[in-house]
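J.: following is a predicted model, sequence given first.
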Number of protein chains: 2
Amino acid sequence: MTDTPLIGRLVVCGVGLIGGSFALALRAAGAVGHVVGYGRTRAALERAQALGVIDSIADDWQHALAGADMVLLAVPVGQIAQVMADMAPHLAPGTIVTDAGSTKRDVIEAIYEKLDGQLARVVPAHPIAGAEKSGVDAAFATLYQQRNVVVTPLPENDRDAVERVTAAWQACGATVRQMSPQEHDRVFAAVSHLPHLLAYGLVHDLAGRANAEQLFSFAAGGFRDFTRIAGSHPEMWRDICLANRHALTAELDQYLAELAYLRALLIGNDGKALEALFAEAREARNRWADKAFPT
Amino acid sequence: MTDTPLIGRLVVCGVGLIGGSFALALRAAGAVGHVVGYGRTRAALERAQALGVIDSIADDWQHALAGADMVLLAVPVGQIAQVMADMAPHLAPGTIVTDAGSTKRDVIEAIYEKLDGQLARVVPAHPIAGAEKSGVDAAFATLYQQRNVVVTPLPENDRDAVERVTAAWQACGATVRQMSPQEHDRVFAAVSHLPHLLAYGLVHDLAGRANAEQLFSFAAGGFRDFTRIAGSHPEMWRDICLANRHALTAELDQYLAELAYLRALLIGNDGKALEALFAEAREARNRWADKAFPT
């Protein structure tokens, strides 16, 4: 803890699991002075204040941004362009803006369109963290510990702004990794967005069958784990899938080619190739899981 | 517990997780007198005896089957035809035979081919249970409690034989459900075999990329759950996928049609339809999971 915290005055727009946990983590690290909450729903902000996640509630952007050192936009990706348009007239040149969106190219398009006067200080980011529950009641100070946060700086960004956003996430306990927005969107299309699409698709396929009830009555633990992400928030995942639809479609096409290969092995009764493929997958999966989730 | 147990002398062929847990569960229920173990690996049988899972070890089928009331074949599906051919000459008319194979049409083909003199007493079955680990050390008496066991009787089966197999699984704490082998194989193609194929395929696809290490380094909890079944045993799943390849290919084709629809929604930027599909899937998945896995 220092005499002058890293961030004197922080504005969190969208005080849910992600925004609320950011505020709590910075508080726990002594890295923030005052936290202002802003958002669509007054009741949620009052709840956040009662929980000690935020210190005060702003009624409009003008009051929210007065004297702000940093703003975190933790709203759904589909709303971020409108939020940027609304805040732009009230943004002082020194205020740093960052976000927590799961896709980056669309957020960056919105930045160039709505915040083009502030490009030096707007640093896109994506914390790789989440939890089963959402909303400010689910927020907790250790959500970001030992998690990755991807920062995708703009060419126009001040080095100082990138460093401050990096330092803020590091103060939350996260590991910050830089990549280009294109690379970010390709990577997450592969390891996150595609699996969500596949799980939603399988459940939707089975749920529409005449014998759906029978099918589900025989589904067991493997099905439960495979489809867990099909329990994710539909609106949020609609936004992510559409925002990243070019990279996601490319990943889906590559996966369709993989399935065509598997289909050929089944039709050809090729046990040797099938077992080799399963063995390679198991080895890669277990090597990764042992490292990423040590027991 | 009765004076005369349900099964006087039980033979378990393949004393691993499945066969060992069957023996332990019947013992715990007082439903078995003496358990004979038989299998390919002497060391595994000695371990099973040391653990108290079996009472004695048979050196050949002749000794194993002498005076046997019931035989459980708990070997990999790919070996079951050979096992049946080996046992057939030593099988007495009164002995009931059942199995624990994950697919049923291929097991039944093997029965008609190898045990055609005994069709009244050979009752195919499939316990829907498993665990992360395999082998007799992983066996436990409560594995089948509140699990489904599917029995797919042959038209030639004695009613008494079906009833005894049913009673044995019920003594293990399972719920026994009857269906035709065709129906069984279609249902499990949909809710078990296809998800395994899809998870293996995704991991194999990503593991073969030039940037595989980068991709895995950003994979998180959703990916872990989705791909957990890609850690399953390659030889076992090769056997299952090939044995059930007709039903599995039909399921894969229906899923490919679902993915083609999802792809069209992405390309068409159709947020409304995408959100509706995700919402339907979430609702179906959560309704099922809340019922199947109450917390």
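T.: Great, that's in hand. Numbering: from 1, shown residues only, chains lettered A, B, ... in the order given.
J.: geometric centre of chain A: which residue is closest?
T.: residue A:102 (3.6 Å; CA atoms, centre = their mean).
J.: need the contact list for that one.
T.: For residue A:102, the residues meeting the contact criterion (CB atoms under 8 Å, 6 or more residues apart in numbering or on different chains) are A:77, A:126, A:188, A:192, A:236, A:240. Every residue, glycine included, has its C-beta placed from N, CA and C.
J.: state the distance from the first one to chain B.
T.: Separation of residue A:77 from chain B (CB to the nearest CB, to the nearest Å) stands at 12 Å.
J.: run a quick neighbour tally on that residue.
T.: If you count neighbours by other CB atoms under 10 Å in any protein chain shown, residue A:77 ends up with 23.
J.: so who does it touch?
T.: A:101-103, A:106-107, A:236, A:239-240, A:243.
J.: please apply the same query to residue A:193.
T.: Contacts of residue A:193 by CB under 8 Å, 6+ apart are A:240-241, A:244, A:247-248, A:251.
J.: list just the nearest of the residues you listed to residue B:284.
T.: Taking CB to CB as the measure, residue B:284 lies nearest residue A:241 of these, at 18.7 Å.
J.: element containing that closest one, please.
T.: Here residue A:241 sits within helix A:234-243, counting by DSSP states H and E.
J.: packing partners of that helix?
T.: Contacts defined by 3 or more CB pairs under 8 Å, 6 or more residues apart in numbering or on different chains; DSSP states H and E place helix A:234-243 against helix A:105-114, helix A:194-207, helix B:271-292.
J.: domain ranges for chain A, per the record?
T.: A:7-179, A:183-292 (automatic domain parsing).
J.: how about TSV for those domains, with mean pLDDT added?
T.: Converted to TSV, those look like this (pLDDT from 0 to 100):
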stretch	mean pLDDT
domain A:7-179	96
domain A:183-292	96
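J.: how about the residue lying closest to residue A:86 once chain neighbours are set aside, what does it touch?
T.: Leaving aside its chain neighbours, residue A:86 sits nearest to residue A:61 (5.8 Å; criterion: CB to CB, 6 or more residues apart in numbering or on different chains). Contacts here follow CB under 8 Å, 6+ apart; on that basis residue A:61 touches A:38, A:86-87, A:89-90.
J.: and for residue A:223?
T.: Residue A:223 is in contact with B:191-192, B:195, counting by CB under 8 Å, 6+ apart.
J.: let me have those in CSV, adding neighbour count as columns.
T.: Shown next, in CSV, are the contacts of residue A:223 (neighbours: other CB atoms under 10 Å in any protein chain shown):
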residue, neighbour count
B:191, 24
B:192, 23
B:195, 24
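J.: among those residues, which ones lie close to chain A?
T.: B:191-192, B:195 (CB under 8 Å from any CB of the partner chain).
J.: and residue A:89, how many residues sit next to it?
T.: Residue A:89 has 10 neighbours, counted by other CB under 10 Å.
J.: mind putting the domains of chain A in JSON lines, distance to residue B:46 included?
T.: Output for those, formatted as JSON lines (distance: least, CB to CB, whole Å):
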{"stretch": "domain A:7-179", "distance to residue B:46": "44"}
{"stretch": "domain A:183-292", "distance to residue B:46": "29"}
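J.: ok, now which ones touch the nearest residue to residue A:284 once chain neighbours are set aside?
T.: Spatial nearest neighbour of residue A:284, excluding adjacent residues (CB to CB, 6+ apart): residue B:207 at 3.7 Å. Listed by CB under 8 Å, 6+ apart, the contact set of residue B:207 reads A:280-281, A:284, B:216.
J.: residues contacting the closest residue in space to residue A:255 that isn't next to it in sequence?
T.: Closest residue to residue A:255 apart from its sequence neighbours, by CB to CB, 6+ apart: residue B:205 at 5.8 Å. Listed by CB under 8 Å, 6+ apart, the contact partners of residue B:205 are A:254-255, A:258.
J.: ditto for residue A:89
T.: Listed by CB under 8 Å, 6+ apart, the contact partners of residue A:89 are residue A:61.
J.: now it: how far from residue A:65?
T.: 10 Å (CB to CB, to the nearest Å).
J.: same deal with residue A:272?
T.: Going from residue A:272 to residue A:65 by CB to CB gives 64 Å.
J.: looking at those two, which one has more neighbours?
T.: More neighbours surround residue A:65 than the other of residue A:272 and residue A:65, with 22 against 9 (other CB under 10 Å).
J.: give me phi/psi at the more buried one?
T.: For residue A:65, the backbone dihedrals are phi -90, psi -10 (criterion: degrees, to the nearest 10).
J.: so it sits against residue A:90, correct?
T.: Yes. In this structure residue A:65 lies within contact range of residue A:90 using CB atoms under 8 Å: 4.7 Å.
J.: which element is residue A:102 on?
T.: Using DSSP H and E, residue A:102 is not contained in any helix or strand.
J.: which residue ranges of the stretch 51-200 of chain A form helices?
T.: Here the stretch 51-200 of chain A has its helices, by DSSP state H, counting those that start in this stretch, at A:61-65, A:80-87, A:105-114, A:159-171, A:181-188, A:194-207.
J.: now do the buried residues in the second one.
T.: By neighbour count, with 16 or more other CB atoms under 10 Å in any protein chain shown as the criterion, the buried positions of helix A:80-87 are A:80-81, A:83-84, A:87.
J.: spatially nearest residue to residue A:25 (excluding sequence neighbours)?
T.: In space, residue A:25 comes closest to residue A:172 once its chain neighbours are excluded; the distance is 3.7 Å by CB to CB, 6+ apart.
J.: an error on my part: the question was meant for residue A:265.
T.: residue A:274 is the one closest to residue A:265 (CB to CB, 6+ apart), at 4.8 Å.
J.: show me what contacts the one you found?
T.: Contacts of residue A:274 (CB under 8 Å, 6+ apart): A:262, A:265-266, B:238, B:241-242.
J.: now neighbour count and distance to residue B:57 too, for the residues you listed, in JSON lines please.
T.: Below are the contacts of residue A:274 laid out as JSON lines (neighbours: other CB atoms under 10 Å in any protein chain shown; distance: CB to CB, whole Å):
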{"residue": "A:262", "neighbour count": "24", "distance to residue B:57": "40"}
{"residue": "A:265", "neighbour count": "21", "distance to residue B:57": "39"}
{"residue": "A:266", "neighbour count": "19", "distance to residue B:57": "38"}
{"residue": "B:238", "neighbour count": "24", "distance to residue B:57": "29"}
{"residue": "B:241", "neighbour count": "26", "distance to residue B:57": "33"}
{"residue": "B:242", "neighbour count": "20", "distance to residue B:57": "31"}
